[in-house]
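give the three-dimensional model of this entry:
(one chain, ligands or ions: 2)
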Amino acid sequence: MNSLLVTGGAGFIGTNFVRFWLKRHPSSRITVLDLLTYAGNRANLDGVDAELVVGDIRDEALVGELLASRSIDTLVHFAAESHVDRSILGPDAFIETNVLGTHALLKAARKYWLATPGTPHRFHHVSTDEVYGTLSATDPAFSETTPYAPNSPYSASKAASDHLVRAYHHTYGLNVTTSNCSNNYGPFHFPEKLIPLFIINALHGRALPIYGDGMQVRDWLHVEDHCLGISRVLEAGRLGETYNIGGGAELPNLQVIDTLCAAMDSAFAQDPTLAARFPDAAAAKGMPTASLKSFVADRPGHDRRYAIDCSKASSELGYVPARDFASGFASTLHWYLDNEGWWRGILDGSYRAWVEANYASRDAAS
Ligand code: NAD
Ligand code: TYD
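Ligands and ions are numbered 1, 2, ... in the order given. Predicted coordinates:
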């Protein structure tokens with residue numbers, strides 16, 4: 001694992017992975033292939049010793065050229081359309097990138113690596129627990145043998161990509177591994193997802209839009225623990241196997257939101273400069289952040305509960321997440337407070353136009 005091609009390495013988890021990997025393997029060479037869609041950000045790789053190639057994973061010729069010219073031995077595949085709400089508004093991009101893009105990568109990998117039998121290689125596919133569908137309150141957590149039952153266009157497209165990866169192993173002998181992970185949070189998280197959206201809304205005194213009754217359950221994992229899990233799969237995972245990676249932190253959304261509101265209030269209480277920097281925040285006006293909570297129409301087809309059984313990764317790979325939600329969330333909040341320039345750059349760019357175009361009409365309809 002000396003020369004890695006990381007797809008989607010300018011997005012949330014990809015950029016954390018590149019940083020995580022280089023800290024532990026400083027002699028590795030990393031090439032990032034990223035289209036820099038709305039979710040990709042060149043600035044995420046500032047100061048990181050990795051080469052960024054701006055390009056599309058669907059471009060099989062480009063991928064083949066990168067594999068050959070950089071002598072890639074390990075491909076870690078993060079690139080995807082990743083937001084469930086966007087997949088409901090417009091599924092096509094999800095099929096294009098998640099299904100056809102993954103297939104283009106597999107074709108290029110097969111052509112390059114399998115041309116000379118015995119060439120050492122690995123194709124690691126990063127996927128989600130959402131492929132397993134939804135759980136009731138009493139169902140056992142998802143294991144690697146839980147049948148696939150994706151409910152959103154996003155999860156259906158990820159399920160299709162998982163099946164293609166599996167098929168390329170069984171049919172052609174490509175050395176693949178797959179990891180299915182629960183909800184991540186942490187630095188560089190794009191501000192359309194629950195935790196960063198609510199932190200930034202709270203700092204602006206904007207409503208915190210809670211879908212439905214807010215009692216949907218997610219298993220929250222700090223992104224560095226996800227990176228740890230992927231590293232363990234790369235180092236010790238069995239070829240052709242899938243591994244579930246989770247945080248053991250099953251929480252209803254309302255509990256996550258209440259933790260966020262309380263942490264925001266205490267951050268403002270401890271640091272008087274925050275009220276000057278964010279004068280519109282409820283906490284700056286002596287109001288509790290929780291006063292911004294607002295129940296809105298539910299997401300169509302909203303999965304009720306996800307929970308991950310990661311005993312296979314624990315027993316085979318020694319994977320144990322290092323952070324609990326309380327400490328992981330506290331450091332994440334401080335990262336957003338300390339990196340205002342990063343998220344302002346996103347809010348002031350093309351993301352603003354997209355939100356205005358897509359959410360204004362939906363909010364009016366709900
Ligand atoms: P993200 O949306 O933050 O980043 C995706 C990256 O892929 C962006 O940099 C984007 O520019 C790039 N990209 C999109 N289409 C591309 C294309 N056609 N060619 C090249 N690059 C392209 O996503 P994320 O949250 O970092 O998720 C990364 C991976 O992890 C995804 O495969 C996702 O399904 C999976 N995953 C995410 C979570 C989570 O909680 N975020 C949980 C489990 C699994
Ligand atoms: P999200 O971060 O979009 O991740 P996912 O849908 O992949 O789990 O959402 C996490 C949970 O938070 C999910 O149950 C939907 C809910 N949610 C809200 O209640 N309000 C919001 O504005 C968003 C973005 C999400």
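
residue 32 - that's part of a helix, no?
No. Residue 32 is assigned strand when assessed by DSSP: H, G, I helix; E, B strand; the rest coil, not a helix.

and it, how many neighbours?
Residue 32: 27 surrounding residues under other C-beta atoms under 10 Å. In this view, the C-beta of every residue, glycine as well, is placed from N, C-alpha and C.

so what's the residue nearest to it when sequence neighbours are not counted scoring on pLDDT?
Of all residues not flanking residue 32 in the chain, residue 9 sits nearest, at 3.3 Å (C-beta to C-beta, 6 or more residues apart in numbering). Listed pLDDT for residue 9 reads 98.

got a list of what residue 9 touches?
Residues near residue 9 by C-beta atoms under 8 Å, 6 or more residues apart in numbering: 15, 17-18, 30, 32-34, 45, 50, 52, 78.

nearest to ligand 2 among those residues?
Using C-beta to the nearest ligand atom, residue 78 comes nearest to ligand 2 of these, at 14.9 Å.

once you drop chain neighbours, what's closest to the closest one?
Closest to residue 78 by C-beta to C-beta, 6+ apart is residue 8, at 3.5 Å.

what's the spacing between the one you found and residue 291?
Going from residue 8 to residue 291 by C-beta to C-beta, to the nearest Å gives 37 Å.

neighbour-wise, which of the two wins?
residue 8 (27 against 14).

what's near enough to touch the more buried one?
So residue 8 contacts 14, 33-34, 40, 57, 77-80 (C-beta under 8 Å, 6+ apart).

give me the phi and psi for it.
Reported as degrees, to the nearest 10, the phi and psi values for residue 8 are phi 70, psi 20.

that one and ligand 2: what is the separation?
16 Å (C-beta to the nearest ligand atom, to the nearest Å).

SS state for residue 139?
Residue 139 - assigned by three-state DSSP - is coil.

I'd say residue 150 and residue 131 touch.
Yes. Contact status for residue 150 versus residue 131: in contact at 5.2 Å, counting by C-beta atoms under 8 Å.

any residue of stretch 261-276 up close to ligand 2?
No. Shown here: stretch 261-276 not in contact with ligand 2 (C-beta under 6 Å from any ligand atom), separated by at least 13.7 Å.
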